[in-house]
Each structure stands twice: as C-alpha cells, then as structure tokens.
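A.B. asks: I'll drop the sequence and a predicted model, then ask my questions.
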Amino acid sequence: MEIRRLDTTDRDELKRWYEACLASVRAVQPTFVPKPFEEHLRKVLEPELGAERYDLVAVEDGVVLGGVMIYLPMEDNREIVWLVVDVDPAHRRRGVGRALVAAAEAEVPADRHEFIVPANVPADQVSDHPYRRFAESVGYAVSTVSTERARAWPVDRARLDELAVSPAGYRLESYVDGVPEAYRPSLGVLKGLIDVDAPTGDIEWEASPVSPEHYAEELRRHVASGRRLVESVALDASGGVVAYSEIVVPSVPERHMTQEGTLVRSDHRGHRLGLAVKVANLQALLDLEVKSPSIRTGNDDANRHMIAINEQLGFVPDLAEIAFVKRR
C-alpha cells in the first residue's frame, strides 16, 4: 500500500478516488445521492479563495482504497486543519484509515496544532459507533455533536404562512443567486461569525468574515456547477444585514437541498428574526418550484433555540455529526 497525493491529472485515478469516497459515505447513508463526478471535481481542481485543499490517497495495485482531504484555512484560524477521512468498506480493517490519518498529520506544517475530523453516524449510535472507536484509538476526542435534521420537500405553504413573522423595525428580503452588492459587506461580516457565535464544544474559532470578493467567487462556483443559492436577509433601519438564512439547491433534483447557515447578530436577538428569515427563505424556495426529495439542516446539540425553530418547521433527526479534535 502506498500513500501519496491524489494525482489530479489522472482522470482514471480521480474516478476511482470518487467511487471509493462514495462507497465510504454510503456505508452510513445507503441512499446517499452524490454530486455528479464532474461537479465534485471542481472542488479539487479549482483553488478556493482563502484556503488550501488537497487529498492524499491510499493505493494498492492501482486500486484506490481510501483518501483523506486536508483543508487549511489561510486567512484566519491558521492553527486549524480539517481532515475528512474516507475508506472504501471493502478495504477496511486493514489499517488503511490509520495510515491515512498518520500521513496527513505528518504532512501538515507544525504551526497547525489543532486537527478537526468530522464524521457522520446514525443519530442513535453516537456513543458506540465504530467511527468513534477508531477516532479515539488514534488520539482524537469528541469535541461536539451536531444533529442533522431533514424534512420532506415541498413544505406546506399554509404552514409557512402561519409561522411567518415581520418583526417591527426590520425589512425582510429574499434573493436567488446573490444578494445586491450593497448588502455583501455586512452579510459577509455576519457569515464570518457563524462558527464564533454557534456552540462548537471546546473548539475556539476566530471570526472569518467573507469579503465581497470571496462571496462573488462562491456564487460563481454555485452557478457554474448548476446549483442555486437562495438567501433571505433581515435589514435594520440603516440598511445593514443583521440576520440571514441560506439554502443551496443542488444541480440534480435527486439530491437533498442543504440549509447552509442561519444567524442573527447578537445585538439584534430577541425579535424572532431567526424564525423570520428561515420562513422567508422557505417561502422563496417554494416560489422557485424546485424539485428535491428533502431539505436538511444541522445544529450543535447545545443550540436549543435554533433546534426549536427547526422543529417548528417540521425537521426531524436523521444523522449525527461528531467533531473529533486532536491537539499537538
């Protein structure tokens, strides 16, 4: 077995790597529908602003056994590295995952001293899933647990109308494929607080504001891949964004939609803005008449307020994401 960087010039290897990662995901989510191969490759082949990402693969006789994604924030949170480990179930229990993690840790510069590894498991197996036992065996500890919730699509419009609120002193607006440029600076500041303000266990995050340039690049990637971005914002009297909610519509209708983020600025909480922007965004999504089996969202289990809102909207527990952490 050889562990090396994924050869991004070899389409056959890229295809084998894609299939190994897909098999890994389906071990926990048997009905998982992936991004199309060409769309998935964009994340590997096109550099992302503000971050570096590359992949290591375990290869034996031309067969890709598994891989580990290494993701390095470059503008903030520079002590952190994300690792995403996938091993084809047909090649597990041979030390492949252990070797990939060790190789990734050795590859990362010494000033990166906090490794974060997320793993999805069934919601009722957080305490005893094999992924947890593996992570703990290589020195990782549970930092936090988030529960992913799903609800069938479409949502009943009458139910949304019942839940809709219009907080006094604020204006709600919804947009598809990008908010106006005038809103992007304040929206970017808010987006940069999502990990700072939300519960994240013992992981400490620096604010990572999304510049208008980064926002435009992210939007370009969505459009180029055939995805739609639906965003709703709450504006205060000065016209600044003080709350937002966003949903990504996939390029193929068989995939589920994803609630990417919802946040209310701390000095504007207590006005039901979280519920307001979530409902407004679902209403805008209904107007698009998109086809999708479901919409998914995730919250740290300590975030009771947002969980309560999602439960009002009909989301029910599906998967759990465990964030494992190792420090050196």
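C.D. replies: The structure has been received and is ready for your questions. Numbers count the residues shown, from 1 in each chain.

A.B. asks: P209: neighbour count?
C.D. replies: Look at P209: counted by other Cβ atoms under 10 Å, it has 16 neighbours. Where you see a C-beta, it was placed from the backbone N, CA and C, and this is true even at glycine.

A.B. asks: Next up, identify which helix or strand the nearest residue to D7 once chain neighbours are set aside is on.
C.D. replies: Nearest non-adjacent residue to D7, counting by Cβ to Cβ, 6 or more residues apart in numbering: E13, 4.9 Å away. For E13, the host element (DSSP states H and E) is helix 11-26.

A.B. asks: Could you tell me how many residues sit around A224?
C.D. replies: 12.

A.B. asks: What mean pLDDT does stretch 250-265 get?
C.D. replies: Averaging pLDDT along stretch 250-265 gives 96.

A.B. asks: And the contacts of it?
C.D. replies: By Cβ atoms under 8 Å, 6 or more residues apart in numbering, the residues outside stretch 250-265 that reach it are 33-36, 39, 150, 153, 190-191, 193-194, 197-198, 225-227, 234, 242-249, 273-274, 277-278, 285, 290-298, 306.

A.B. asks: Next, check the residues you listed against the helices and list the overlap.
C.D. replies: 39, 190-191, 194, 197, 273-274, 277-278, 285, 306 (DSSP state H).

A.B. asks: Any chance of those in CSV with neighbour count as columns?
C.D. replies: Formatted as CSV, those follow (neighbours: other Cβ atoms under 10 Å):
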residue, neighbour count
E39, 17
L190, 21
K191, 23
I194, 18
D197, 16
L273, 25
G274, 21
V277, 28
K278, 24
L285, 24
M306, 20
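
A.B. asks: If we only consider those residues, which is nearest to G50?
C.D. replies: Proximity of the ones in helices among the contacts of stretch 250-265 to G50 (Cβ to Cβ) peaks at K191, which lies at 12.2 Å.

A.B. asks: In contact with that closest one, which residues?
C.D. replies: Here K191 is in contact with 209-210, 215, 244, 261, 263 (Cβ under 8 Å, 6+ apart).

A.B. asks: Tell me which two in those are the farthest apart.
C.D. replies: It's Y215 and L263 that sit farthest apart of these, by Cβ to Cβ, at 15.0 Å.

A.B. asks: who has more neighbours, the two?
C.D. replies: L263 (25 against 20).

A.B. asks: Show me where this protein has its strands.
C.D. replies: For the chain, the strands defined by DSSP state E cover 2-5, 51-60, 63-73, 80-87, 114-122, 141-152, 171-176, 228-235, 241-249, 257-264, 294-300, 316-327.

A.B. asks: what would those look like in a markdown table with distance to R93?
C.D. replies: Compiled in a markdown table, the strands of the chain are given as follows (distance: least, Cβ to Cβ, whole Å):
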| stretch | distance to R93 |
| --- | --- |
| strand 2-5 | 17 |
| strand 51-60 | 14 |
| strand 63-73 | 12 |
| strand 80-87 | 9 |
| strand 114-122 | 17 |
| strand 141-152 | 22 |
| strand 171-176 | 47 |
| strand 228-235 | 41 |
| strand 241-249 | 35 |
| strand 257-264 | 32 |
| strand 294-300 | 29 |
| strand 316-327 | 19 |
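
A.B. asks: What's the ChimeraX syntax to select whichever of the contacts of stretch 250-265 are buried?
C.D. replies: The ChimeraX selection below is limited to those of the contacts of stretch 250-265 classed as buried (16 or more other Cβ atoms under 10 Å):
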select :34,35,39,150,153,190,191,193,194,197,198,225,227,234,242,243,244,245,246,247,248,249,273,274,277,278,285,290,292,295,296,297,298,306
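
A.B. asks: about what we covered before: could you check how far the residue nearest to D7 is from L41?
C.D. replies: Remark: distance between E13 and L41 (Cβ to Cβ, to the nearest Å) = 12 Å.

A.B. asks: same deal with L319?
C.D. replies: As judged by Cβ to Cβ, L319 and L41 stand 25 Å apart.
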